[in-house]
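Chemist: Okay, here's the prediction I keep looking at, along with the sequence it came from:
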Amino acid sequence: MLKAYANIFKIPDLRSKVLFTLLIIVIYRIGTYVPTPGIDGTALAHFFAQISRSPGGTLFGIMGMFSGGALQKATIFALGIMPYISASIILQLLTVVIPKLEQMAKEGEEGRKQIIQYTRYGTIILAIIQTFFISLWLENPNAFQGTVIVPNPGWGFRLMTILTLTTGTAFIMWLGEQIDQYGIGNGMSIIITAGIIESIPTAFWQTYLLLSPFDPARQQLAWWKFALMIALFVGTVVGVIMIIQGQRKIPVQYAKQIRGHRMYGGQSTYLPLKVNQAGVIPIIFAQSVILFPATIAGFFPGSGAINSVAHALSPGSITHSIIYALLILFFTFFYTAITFNPVEVSENLQKFGGFVPGIRPGKNTAEYLDYIMTRIAASGAIFLAIIALFPNVISSPRVLNIPFLIASFFGGTGLLIIVGVVLDTVKQIESQLLMRHYEGFIKKGKLKARR
């Protein structure tokens, strides 16, 4: 394995891509510490500490996770990549609804470039709208229980905030595109992962304080619980890898075609249907919906009705767990139906002379694929619900009673993103190594298995 890592730096092209990607990550992390003008960062951090019982307690927890904590610090990258994610999801939904966008998506590279351009425009528009309302919210002392976050409110502050945060989002989007073009891996995903990993040192430090190895009198976490946490973490990561990599391979046979003096087709292949077709989108949607009352309650601490609803939906409660799981199931089926069209897949197979053995081409194939995809999506949805609820379970006082920041690494959106991005990046590096006849990660494992 060490030899495979060393091979990365033996290939000039791959070495430059890896180093360039690391340079972009460093630039992004520096930007998360540059403060936004006109905001008292200390007072804002105190407010977030009050309204959030845990890092995932409100919608700000989601935004803060994707921005690498920049939102809580009110830096120039406070919005993070969330406007881009929102714009991408909106474009995907509109592609199904608007025929012109659907046709554009089928035009190949040119159509893809045009959709990316629309996504950029949508990102800027969403960032402007979000920053305008954020500036109004920051100026409202009632939202912060009388604490003054903005010493000099007014249109000057609002315009400065809109310009600063929108420019920061646009710059992050540009950094991601530079990784796509000159680096290794998916740029936006790597930037999101870099922000999530930012909290790992804090989690390690909290674990060390709970263990207190040099002061048994202050120990709050037993060693057997720590060992159990390690075992659970390894098992969770293995399960996430298996689900992310899991596929249902539908056999496809292509008919033989004779053109001139040559014969084409006749080969057998398969159609891969991913178990986790929807990715982390269902968890993000479900979190946004179920944490909305808690976010509103933070703005209006005196409202009894809103606080009652927020308390009923607080993480750890039975009501929260049931509704959260049902929302994940719903959004998994919803997003899978949008991203996978069995009728279109069936038509493409028939167009190129392909068919599923034992299934009639056309309508019967579409119904068969829809039936298989529904069953696969059900298993993927159940897995996502388990992973999303796992941190709340092990952080419960009745189970391990550990801080949520530590428990969040046992599941949820963060773990799925980290594992998915690492697997995708390793695959790209592996392909680069094998293409240049170097020994890669996977190949070394196969050689050991043969021996």
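Modeler: In hand now; what should we look at?

Chemist: rest of the way, CA atoms for contacts and neighbours
Modeler: OK.

Chemist: So, low pLDDT: which residues of the stretch 1-150 of the chain?
Modeler: Confidence mapping of the stretch 1-150 of the chain against pLDDT under 70 gives the ranges 1-4, 48-66, 141-146.

Chemist: which residues in it form strands?
Modeler: With DSSP state E, counting those that start in this stretch applied, the stretch 1-150 of the chain shows no strands anywhere along its length.

Chemist: Equivalent analysis for the stretch 351-451 of the chain, please.
Modeler: Counting by DSSP E, counting those that start in this stretch, the stretch 351-451 of the chain forms strands over residues 354-355, given from the N-terminal end onward.

Chemist: Which parts of it are helices?
Modeler: Counting by DSSP state H, counting those that start in this stretch, one finds helices in the stretch 351-451 of the chain at the ranges 363-394, 404-407, 412-435, 441-450.

Chemist: what is the mean pLDDT for the last one?
Modeler: Read that as helix 441-450. If you average the pLDDT over helix 441-450, you get 48.

Chemist: If you average pLDDT over each of the helices of the stretch 351-451 of the chain, which is lowest?
Modeler: Taking each of these in turn, the one with the lowest mean pLDDT is helix 441-450, at a mean of 48.

Chemist: dump the residue contacts of the closest residue in space to Leu91 that isn't next to it in sequence.
Modeler: Counting by Cα to Cα, 6 or more residues apart in numbering, Leu91 lies nearest to Thr119, which is 6.9 Å off, once chain neighbours are set aside. With contact taken as Cα atoms under 8 Å, 6 or more residues apart in numbering, Thr119 is in contact with Tyr84, Ala87, Ser88, Leu91.

Chemist: SS state for Ile250?
Modeler: Classification of Ile250 using DSSP: H, G, I helix; E, B strand; the rest coil returns strand.

Chemist: for Thr269, same thing?
Modeler: Classified using three-state DSSP, Thr269 is strand.

Chemist: residues in contact with it?
Modeler: Taking Cα under 8 Å, 6+ apart as the criterion, Thr269 is in contact with Pro251, Val252, Gln253.

Chemist: go with 10 Å
Modeler: With contacts defined as Cα atoms under 10 Å, 6 or more residues apart in numbering, Thr269 is in contact with Lys249, Ile250, Pro251, Val252, Gln253, Tyr254, Gly354, Val356.

Chemist: Got a quick ChimeraX command for the buried subset of those?
Modeler: Buried members of the contacts of Thr269, identified by 16 or more other Cα atoms under 10 Å, are gathered into one ChimeraX selection as follows:
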select :252,253,254,354,356
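
Chemist: and of the contacts of Thr269, the nearest to Pro151?
Modeler: Closest approach between the contacts of Thr269 and Pro151, by Cα to Cα: Lys249, at 60.5 Å.

Chemist: before we move on, the earlier item: reformat the contacts of Thr119 as a markdown table; add distance to Ser135.
Modeler: What follows is the contacts of Thr119, written out as a markdown table (distance: Cα to Cα, whole Å):
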| residue | distance to Ser135 |
| --- | --- |
| Tyr84 | 20 |
| Ala87 | 21 |
| Ser88 | 24 |
| Leu91 | 27 |
